[in-house]
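Asks: I'll drop the sequence and a predicted model, then ask my questions.
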Amino acid sequence: MTICSILWSNRRDQSCLSACCYVDGRAIFEVEIDLVGEENVIKKDEGYYIRSKDNFGTCVLLNEETLLCKLEENRPFWCQQHNCVRDLTDYFGLHQEVRHYRKKRGLTPP
C-alpha cells in the first residue's frame, strides 16, 4: 500500500501515473540494497540510489505497462513514504512530463 492508496480510500487516484517512479535520484538506505537488488543500485558520493533505466529517470523497478513496482509490497522506505502532491514543488508539471514521455513511447495509462 502506498501513501497515495491511503489518501485515495485504499486505491490509487485514477490520475496517478506512478510519477514518483519517474523522479531520478531515489535514495535508499544501505540496509535496503539486498531488498532492491545490488544490480539495481548505484553508489553516488556517500549515498545509495535506485538505478534509472533511461535518461528520463524511470526507475528500473517500475513495470511501465501496469505502473506497478516490481517490489510492490516491499518497496524501499522513500518509495513507501513518497507523496507527489506533498513532495514535489511542481506536481502538475511532472505529471504533464510523464504523460508526454509515456505517449511518446506508446504507453498509455492502464
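Replies: Sure thing, it's come through. All of these numbers come straight from a predicted model, not from anything done at the bench. Numbering: from 1, shown residues only.

Asks: quick one: contacts for the residue most central in space within the chain?
Replies: Centroid check for the chain by CA atoms, centre = their mean gives residue 21 as the closest residue, at 1.7 Å. Residue 21 sits next to 58, 59, 61, 62, 67, 69, 79 when contact means CB atoms under 8 Å, 6 or more residues apart in numbering. Just so you know, the C-beta spots here come from the backbone N, C-alpha and C atoms, and that holds for glycine as well.

Asks: which one of these sits closest to residue 99?
Replies: residue 67 (12.1 Å; CB to CB).

Asks: Who's the closest spatial neighbour of that closest one, skipping the chain neighbours?
Replies: residue 18 (4.3 Å; CB to CB, 6 or more residues apart in numbering).

Asks: And for that neighbour, the neighbour number?
Replies: Residues contacting residue 18 under the criterion other CB atoms under 10 Å number 22.

Asks: For it, give its distance to residue 79.
Replies: Going from residue 18 to residue 79 by CB to CB, to the nearest Å gives 10 Å.

Asks: Overlap of the contact sets of the two?
Replies: Joint contacts of residue 18 and residue 79 (CB under 8 Å, 6+ apart) are residue 69.
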